[in-house]
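**Q** Mind looking at a prediction? Sequence and model below.
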Amino acid sequence: MDRATDPVASEVAVRRFSADDSVEELTTLLHRAYADHAAAGRAFFASYQSVEDTAIRLGRGECWLALQGAVLVGTVTLAARYKVQDGYPAPAGAGSFWQLAVDPAYCRTGLGQRLLTLAEERIAALGATEAVIDTSVEAIELVGWYRRRGYDPIGTWRWDVTNYESVVLLKTLPAG
């Protein structure tokens, strides 16, 4: 059966992260979801971050979980009014999302698009009119995925926790 039409994938529930949820389990999902990037030599922070790092990143925004029953299969964390370092090529007041991750078994089911749409809707509802994201310039398929969803390159950036140059992408959001 084609995973894109798999009825099991459509039964995934999405909800906010709560105090009862496991940061360890979330970190394990991030490592699994970003393993292919790491295998390709791209050290995405989510591919190796510690449980403590995950907790810090959760504290910077709203974290949403995708669950198939009790099994964590996806996540995204977002914030409006994304705080960035001086020089980062994004407009003041833009929202952002990070740790967008889908369990490899759920790739190509539409779950990533569902989480992206949720992030954009929440960012708009929180008052931002633009969303900014960055990813490795070498992750050609991922950059293309964002471009097909309306994100345009606006600059580059190099984080001290990765081993690559990032392309910074921006999308104007519909009013929340």
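**A** Right, received. Where do you want to start?
**Q** gap between the residue nearest the centre of the chain and Thr135?
**A** The residue lying closest to the centre of the chain (C-alpha atoms, centre = their mean) is Leu100, at 2.0 Å. Distance of Leu100 to Thr135, computed by C-beta to C-beta, to the nearest Å: 10 Å. All C-beta atoms are positioned from the backbone trio N, CA, C, and that covers glycine.
**Q** quick one: stretch 169-176 to chain centroid distance?
**A** Centroid separation for stretch 169-176 versus its chain: 16 Å, with C-alpha atoms, centre = their mean, to the nearest Å.
**Q** no, scratch that, I was asking about stretch 97-108
**A** 8 Å.
**Q** what's the answer for stretch 23-41, then?
**A** Remark: stretch 23-41 is offset 12 Å from the chain centroid, using C-alpha atoms, centre = their mean.
**Q** And the strands in this protein?
**A** With strands called from DSSP state E, the chain shows them at 13-16, 62-68, 71-79, 95-102, 130-136, 152-157, 166-172.
**Q** Report the backbone C-alpha coordinates of the longest one in PDB.
**A** In this case it means strand 71-79. Presented in PDB, the C-alpha positions along strand 71-79 are these (Å, rounded to 0.1, in the frame of the first residue of the first chain):
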ATOM      1  CA  VAL A  71       3.800   6.000  19.900                       C
ATOM      2  CA  LEU A  72       5.500   9.400  19.100                       C
ATOM      3  CA  VAL A  73       5.900   9.600  15.300                       C
ATOM      4  CA  GLY A  74       6.400  13.400  14.700                       C
ATOM      5  CA  THR A  75       6.900  16.800  16.300                       C
ATOM      6  CA  VAL A  76       7.400  20.500  15.600                       C
ATOM      7  CA  THR A  77       8.300  23.400  17.900                       C
ATOM      8  CA  LEU A  78       7.300  26.900  17.000                       C
ATOM      9  CA  ALA A  79       7.300  30.500  18.100                       C
END
